[in-house]
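K.L.:
This is the structure alone, sequence omitted:
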């Protein structure tokens, strides 16, 4: 069977990282990030004497952390194993991965930390889901927030990608976030009638349900391992 041709829409560097993994399995993967990350001018966190832990909802915020030698073993709570793995690769010792979304991470923190032991610092993007913050505050935590990056939607697909989509030459398009799905919907590209979609969550899939995909599959868990497994199942790959 001919290996499927895949379009990855997530932000960099995650898009290239996933593409490399897929290429090693023989899958032809192209990248068209629908969001671009812009870092703010804010310096790295300097004063964290009263902080008992950091929260990252995206790997983009890792660069805003104090250097590993300064925070020693203070926990870094991450939404998703991939963000935790990248933080660990950057030299941070105590990286705790939550499963699923920010609300689940808040539940994990509330079960393992004492609100009276110190504040939490959320290093976040300009636009973020506030559900995690509300849940932590309801549990009695004082949550400080620092905006360290923003994401901007692209204005148009590159011409080669748009043409390949229109010509039905992608077998599937992968979506990792609601904003990426919303951007794709707004751009309204022509999609070949046999092009499928794989979404990280039902909420993402809902945004894309009537844009023209032949089928939409939803990952059982929001991580790249499950995304790849869903892709293999969709195309009967061993």
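P.N.:
That came through fine. All values reported here derive from a predicted model rather than from experimental measurement.

K.L.:
Please identify which helix or strand holds the closest residue in space to residue 31 that isn't next to it in sequence.
P.N.:
Distances taken as C-beta to C-beta, 6 or more residues apart in numbering put residue 15 closest to residue 31, at 4.2 Å, once the chain neighbours are dropped. For every residue, glycine as well, the C-beta is placed using N, CA and C. Element membership of residue 15 [criterion: DSSP states H and E] is helix 14-24.

K.L.:
Over to residue 145?
P.N.:
Per DSSP H and E: strand 143-153 holds residue 145.

K.L.:
Same check on residue 6?
P.N.:
strand 5-8.

K.L.:
Just checking: what are the partner strands of that strand?
P.N.:
strand 28-31 (parallel), strand 172-175 (parallel) (DSSP bridges).

K.L.:
After the first one, which helix or strand is next?
P.N.:
Past strand 28-31, heading to the C-terminal end, the next element that is a helix or strand (DSSP H and E) is strand 35-39.

K.L.:
tell me the mean pLDDT for the strand holding residue 145?
P.N.:
Mean per-residue pLDDT for strand 143-153: 92.

K.L.:
nearest to residue 158, of the strands paired with strand 5-8?
P.N.:
Residue 158 lies closest, by C-beta to C-beta, to one member of these: strand 28-31, at 9.8 Å.

K.L.:
which residues of this structure fall in strands?
P.N.:
With DSSP state E as the criterion, the chain has strands at 5-8, 28-31, 35-39, 51-56, 76-79, 95-98, 119-125, 143-153, 172-175, 196-199, 216-218.

K.L.:
that older thread, give me the helices and strands touching the strand holding residue 145, please.
P.N.:
strand 35-39, strand 119-125, helix 131-138, helix 178-187 (3 or more C-beta pairs under 8 Å, 6 or more residues apart in numbering; DSSP states H and E).

K.L.:
Now do the second one: distance to the chain's middle.
P.N.:
Computed by C-alpha atoms, centre = their mean, to the nearest Å, the chain-centroid distance of strand 119-125 equals 17 Å.
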